[in-house]
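S.K.: task: produce atomic coordinates for the following.
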Amino acid sequence: MEKITKAFLQACLEAGATHKDIAAITGLGRGQVYELLRHHGLSRGRRGGPRKLPPVAEIVVRLEAGEHPKTIAAAHGVTTTAVYRACERAGIEVRDHFRFPRERGAHRKLPVVREIVRRIEAGEHPRDIAAEAGVTASAVHTALQREGLTARAIREGRHLERSRRKGRFGFPDYVFGLKPGHGLGGAK
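M.R.: The predicted structure is shown next:
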């Protein structure tokens, strides 16, 4: 591996030789050729051409101006990932809000459950609450269900008298799941 110089590899690549051709010429394996090229900073893109790396200085200026990495990538003809990697290599921290949207999902658009309950008690329909929040009616019902409530129970005023445990209908524990001989003085 030491005999093969950077100049030799560069000449091969400029002549249009592929990794496979260089491996045949040198008698090395393709993996070793990839390693050598990477070691000398001559690694190629997936399609054999030189990698397109956008100028980092310009990226930094555009990011600080508030431009989105996608538009920077499109302007340079590279992928968004290439922009992030170029920043990473230069030691520049890219703000997270470019990568992750701040609000996702219906639950972030909905008002607090207490507010939903108050509005249903006032006679409003979940469909109207959903339309105002920009979500589906099922999202409102799901938010209520997460709290162990239903729109009907709220309308009828039954949500105020909650049972000790969710889903147990106010029955004592020994009614559920206990078989004869399994504690609490059951039949033996």
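S.K.: switch to C-alpha atoms for all contacts and neighbour counts from now on
M.R.: Fine.
S.K.: mind listing what T136 touches?
M.R.: 127, 130 (Cα atoms under 8 Å, 6 or more residues apart in numbering).
S.K.: ok, H141 next?
M.R.: 126, 150-151 are the contacts of H141 under Cα under 8 Å, 6+ apart.
S.K.: ranges for the strands of the protein?
M.R.: When secondary structure is read from DSSP state E, the chain shows no strands.
S.K.: low-confidence stretches in it?
M.R.: 1-2, 43-54, 95-110, 159-188 (pLDDT under 70).
S.K.: can you list the domains in this protein?
M.R.: 1-51, 56-98, 106-160 (automatic domain parsing).
S.K.: ok, back up a step: turn the contacts of H141 into JSON lines, including distance to H76 and neighbour count.
M.R.: Shown next, in JSON lines, are the contacts of H141 (distance: Cα to Cα, whole Å; neighbours: other Cα atoms under 10 Å):
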{"residue": "P126", "distance to H76": "49", "neighbour count": "20"}
{"residue": "T150", "distance to H76": "54", "neighbour count": "18"}
{"residue": "A151", "distance to H76": "54", "neighbour count": "19"}
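S.K.: could you report the neighbour count for the residue nearest to H40 when sequence neighbours are not counted?
M.R.: Residue nearest to H40 in three dimensions, not counting chain neighbours: K6, with 6.1 Å by Cα to Cα, 6 or more residues apart in numbering. Counted by other Cα atoms under 10 Å, the residues lying close to K6 total 15.
S.K.: distance check, K6 against Y84.
M.R.: Going from K6 to Y84 by Cα to Cα, to the nearest Å gives 28 Å.
S.K.: next: G123.
M.R.: G123 sits 51 Å away from Y84, going by Cα to Cα.
S.K.: these two: which is more packed in?
M.R.: Using other Cα under 10 Å, the more surrounded residue of G123 and Y84 is Y84, with 19 against 11.
S.K.: wait, doesn't that one sit right on I92?
M.R.: No - Y84 is beyond contact range of I92, at 9.1 Å (criterion: Cα atoms under 8 Å).
S.K.: skipping adjacent residues, who's closest to E121 in space?
M.R.: R155 (5.6 Å).
S.K.: burial check on V33, number of neighbours?
M.R.: 22.
S.K.: that one: what's it in contact with?
M.R.: 19, 22-23.
S.K.: likewise for R30?
M.R.: So R30 contacts 19-20, 23 (Cα under 8 Å, 6+ apart).
S.K.: go with 6 Å
M.R.: A23 (Cα atoms under 6 Å, 6 or more residues apart in numbering).
S.K.: the helices in the protein, which residues?
M.R.: Remark: helices assigned in the chain by DSSP state H are 6-14, 19-26, 30-39, 56-64, 69-76, 80-90, 113-121, 126-133, 137-146, 151-156.
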